[in-house]
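*Asks:* Quick one, structure for this:
(2 chains)
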Amino acid sequence: MKGKKLISVLLSAAMTAGILAGCGSASGSTASTAAASAAPAASAAATSAASSAASSSAAAQTAASSDNGEDYNIKMQIVTWGQNPDELADVESAINAIVQPEIGVTVTLEPIAAWDLINESNMELTAGDKIDLLCIFSYGQAMDSIANYTSKNMLRSLNDLYAQYGTDIGPVLGEEINDGYVGDTLYAIPAKATLGAGYGFSARKDYLDEMGITPDPDKIYTMDELTDIFQKYKDKYGDGHYALSLYGAGTDVYSTFNPLETLGGTGNNGVLLDSGLDGNTKVVDLFETDEYMNYCKQIHSWFGAGFINPDVNTISDDVTSQMKSGNYLGMVGTVYPGSLVGIENNVGVEFETFNTVAPYASTTASSMALWAIPTTCENPEKTMQFLNILYQDRDLSKDVDSLLASGLEGKSYDVTQAVSGSKAIVKAGTGTWSKWVPDTLYGNYYTTPKYEPNTADIYDQLAAFDKGITDANRIPKTFGYVFDPAAVSTQAAAVTSVTSQYRGLVGYGAADPEEVLPEFISALKDAGIDDIIAENQKQLDAWLAKK
Amino acid sequence: MGKEKTLQNKRTNKFRQFLPFYLMALPGAVYLICNNYLPMFGIVLAFKKLDITKGIFGSPWCGLSNFEFLFKTKSTIQIIRNTILYNLVFMLLGTVLAVMMAIFLNEIRSRKLSKLYQSLILIPFLMSWVIASYLAYAFLAQDVGLINKTIIAAAGGKAVNWYMEKKYWPYILTFCYIWKNIGYMMIIYYSSIVGLSQDYFEAASIDGATKWQQIRSITLPLIRPTIITMLILSLGRIVTSDFGLFYQIPKNSGALYSVTQTLDVYVYNALMKNSDFSMSSAASVFQSIVGFAFVLITNAVVTKYSKENALF
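*Replies:* The predicted structure follows:
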């Protein structure tokens, strides 16, 4: 009896100890999180040591650094398509070898999947974790914006730092630096990308050849003209083949056929029709316009004619997989020099583009990636110096933004043709950098290595593309303006929920717009869209007045 | 004086006697405190406008404005209706079927077979909703789905676009829920049936009671406390829905929202894209309060009709 009792006491004691040990780390991090939110700056280093095991060595360095003469460690986010490239550590040390002697910093690259980025950044910053270079990245429907962070007071003002340390950035960006401002305050530095984009329908060349169709590069095609091509494809290939590949829930491809300024959002919170290219600055609810109704009717007729997969709203293969399956003719999207290289390498066939909208400057296209310095950064001066280096044009072996965008020479890629400075035409090496890391997010995209089948004239084409937009005067007055929905966040949340219900339905043609669109519009009214439009217009007018 | 001392002694003795049990409960208690009670300070976030330089407690108060978005659209009533009705159906149908299964399983004499069936019924519970959603998709897809391609095609009917037709979804969702959860619910009832003394059943069969009479007059009354406890517990979650079921299985298809959208899905769709922690907290505070109210009400009702079965 006594023995039994003793055993049971021992057993339960052992269990308790086990649980306590397991719980120790959890409660530890909770406690430090709480402490950090109370005094973020003070305990930021401690929190990052507790919570991110991956960068433990980095955190140790951080704790030791600060202003005692040692190198400052910059924690920089690296956006990936879901997997970490093999040569991550090599690229990191290659960058350190360049920047450490120059400005006394080291970097720790923190890879995050593109679709986790917004959440991850918000979580880390709310918990007071140290991030020195925050990537505000918009792709597809995952629109992120500076306002997402400034509404919670997470970012540092960069005005003084930029003036003092960012001297090489301005000349590269030109007009595009406006994307980083909210009011008079500069909160982020955009990566140099194209000033804007055109839109088009890009189709597999092998199918077009079989049908004997060649797109006219100087022509702007309308939805009606595309209908004829789609019909030919359908007649030739029959059921199970769809002319138009679409992917993504709760959206539409209105902007493929009409210029549209979304004012830094997804189009839910008010837009300028014709992208304001005709000079108008009137913010309207896109879904109430006649233009949107016409678009919906047209795409609904495509849906009815079998040009679009009936499962379009629920299909889980992205456009690349759909194109690979061979059952689709083409896809729609932005068009700029080199925009098809990625999909061509992936699918293994050539594509040709039917232009639908001529290139124009847009805030969203030019600010795909913005780099901000959060309040949890301990040494903003050094961080800005590092950011400045990304915009310098150097020889390939010394060019930091090329390392970030394209990886390490000899590992990630091999040069097939050197152009000048860091410009080079390359082909994939043994590494996986080009597969998992998007290359448009770092420093100056116009001087980083480009993959085959691009040719050396891609650099001239890119420069000419921007010049073409400027010369044609296709820069809207509102270029650089981004709406901050903080004042109407309740309505914005409700509107987002309404659009996620209806927009995909009418936007991809599955539902009859005559029936569903009025319902959609009235649901938006209930959710308070008018308040948002009014607030947006108010902010825009104030912005324009200041300009 | 002497009497008091004995009482105290008795108490100390009792405490000593139960010490091992207290110790055994300790890990659970510690877990509860770490996992369920410490994070509750986050409730204040629901009433704050978050400013991270000031921290959660330093941020300014903003009254109930974080709750507003929950009641902003006309579909709010629809969403709450969906949440509550689905939960009620799941609770009632699930309990009836789970008890039925447990009784059936208990009647299987071959131990091996009964183990096999039990595992087979449990397997869906171990699957994630994402996998389940692809299984459902394999049946329901319009152009390549099994139902459209084989059953409807064979019957000569017209293909149904399942993800656009809302009238089928209350049944599909209920089916999926039962299919996935029945095994787990059943285990609890099965274990309490197995624990019943065989004497009752022997005595009853000697007196000539049929199987049905045994079930009705012995098994069901004896497992009633378990059933009631389970019901009260699930009532506490009546405004919390199984997010995976309502988001993954209908593939978040907008056409189905009026019958598939529940509170959790609404919150996800509204806030996923702008990471507003204050509004998310507000939503979960709302869920907790309504859930807590439901537990109190149910318990009060149970106390009124059969006091010994009430939770507290």
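*Asks:* which parts of the stretch 201-312 of chain B sit against chain A?
*Replies:* Residues of the stretch 201-312 of chain B lying near chain A by Cβ under 8 Å from any Cβ of the partner chain: B:251-255, B:257, B:261, B:266, B:269-271, B:273-277, B:279. Yep, even glycine has a C-beta here, placed from its N, CA and C like the rest.
*Asks:* Could you rerun that using 10 Å?
*Replies:* Proximity of the stretch 201-312 of chain B to chain A, by Cβ under 10 Å from any Cβ of the partner chain, involves residues B:250-258, B:261, B:265-280, B:283.
*Asks:* Those residues in strands, which ones?
*Replies:* Within these, no residue falls in strands by DSSP state E.
*Asks:* So among the residues you listed, which ones count as buried?
*Replies:* In these, burial by neighbour count holds for B:250-257, B:261, B:265-280, B:283, counting by 16 or more other Cβ atoms under 10 Å in any protein chain shown.
*Asks:* Show the contacting residues for the closest residue to A:Phe201 other than its chain neighbours.
*Replies:* Leaving aside its chain neighbours, A:Phe201 sits nearest to A:Phe354 (4.5 Å; criterion: Cβ to Cβ, 6 or more residues apart in numbering or on different chains). Contacts were defined as Cβ atoms under 10 Å, 6 or more residues apart in numbering or on different chains; by that measure A:Phe354 touches A:200-203, A:208, A:213-217, A:219-221, A:225-226, A:229, A:330, A:332, A:335.
*Asks:* Look through the stretch 51-200 of chain B and state the residue closest to chain A.
*Replies:* B:Lys72 (3.7 Å; Cβ to the nearest Cβ).
*Asks:* Can you read off the backbone torsions of that residue?
*Replies:* The phi and psi values for B:Lys72, taken as degrees, to the nearest 10, are phi -80, psi -40.
*Asks:* For it, which non-adjacent residue is closest in space?
*Replies:* Nearest one to B:Lys72, counting by Cβ to Cβ, 6+ apart, is A:Ala494 at 3.7 Å.
*Asks:* which helices and strands sit right next to the helix or strand hosting that neighbour?
*Replies:* Using DSSP states H and E, A:Ala494 sits within helix A:489-507. On a contact count with 3 or more Cβ pairs under 10 Å, 6 or more residues apart in numbering or on different chains; DSSP states H and E, helix A:489-507 meets helix A:290-304, helix A:513-527, helix A:529-546, helix B:75-107, helix B:257-260, helix B:263-271, helix B:277-305.
*Asks:* Which SSE is immediately downstream of the longest one?
*Replies:* Read in the C-terminal direction, the helix or strand following helix B:75-107 is helix B:111-126, with elements assigned using DSSP H and E.
*Asks:* Which elements pack onto that following helix?
*Replies:* Going by 3+ Cβ pairs under 10 Å, 6+ apart, helix B:111-126 lies up against helix B:75-107, helix B:129-140, helix B:169-194.
*Asks:* Leaving out sequence neighbours, find the closest residue to A:Lys324.
*Replies:* Counting by Cβ to Cβ, 6+ apart, the residue nearest A:Lys324 is A:Val347, at 5.3 Å.
*Asks:* ok, and what's touching the helix or strand hosting A:Asp235?
*Replies:* In the assignment (DSSP H and E), A:Asp235 maps to helix A:223-237. In this structure, residues lying in contact with helix A:223-237 by Cβ under 10 Å, 6+ apart are A:201, A:203-204, A:207-208, A:210-213, A:215, A:219, A:221, A:241-244, A:256-258, A:294-295, A:297-299, A:301-302, A:305-308, A:326-330, A:332, A:354, A:356.
*Asks:* got the domain boundaries for chain A?
*Replies:* A:47-193+A:367-435, A:196-362+A:479-546 (automatic domain parsing).
*Asks:* With mean pLDDT added, can I get these in TSV?
*Replies:* Putting those into TSV (pLDDT from 0 to 100) gives the following:
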stretch	mean pLDDT
domain A:47-193+A:367-435	84
domain A:196-362+A:479-546	91
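*Asks:* Wait, the residue nearest to A:Lys324 touches A:Val341, no?
*Replies:* No. Taking contacts as Cβ atoms under 10 Å, A:Val347 lies outside contact range of A:Val341: 11.3 Å.
*Asks:* For the two, indicate the residue with more neighbours.
*Replies:* Between A:Val347 and A:Val341, counted using other Cβ atoms under 10 Å in any protein chain shown, A:Val347 has the larger neighbour count: 19 against 16.
*Asks:* what's the spacing between the strand or helix carrying A:Phe201 and its chain's center?
*Replies:* In the assignment (DSSP H and E), A:Phe201 maps to strand A:196-204. Mean-position distance between strand A:196-204 and its chain equals 18 Å (Cα atoms, centre = their mean, to the nearest Å).
*Asks:* Strand partners (parallel or antiparallel) of that strand?
*Replies:* strand A:328-335 (antiparallel), strand A:351-361 (antiparallel) (DSSP bridges).
*Asks:* give me the number of residues near residue 71?
*Replies:* Because you didn't say which chain, this covers chain A. Neighbour count of A:Asp71, defined by other Cβ under 10 Å: 17.
*Asks:* right idea, wrong chain: chain B
*Replies:* Around B:Phe71 there are 13 residues (other Cβ under 10 Å).
*Asks:* host element of the residue nearest the centre of chain B?
*Replies:* Centre of chain B computed as the mean C-alpha position; nearest residue by Cα atoms, centre = their mean is B:Ser234, 5.1 Å away. For B:Ser234, the host element (DSSP H and E) is helix B:220-235.
*Asks:* Now that helix: buried residues?
*Replies:* B:Ile223, B:Thr226, B:Ile227, B:Ile228, B:Met230, B:Ile232, B:Ser234, B:Leu235.
*Asks:* Looking at the residues you listed, which is nearest B:Thr174?
*Replies:* Nearest to B:Thr174 among those: B:Ser234, at 15.0 Å, using Cβ to Cβ.
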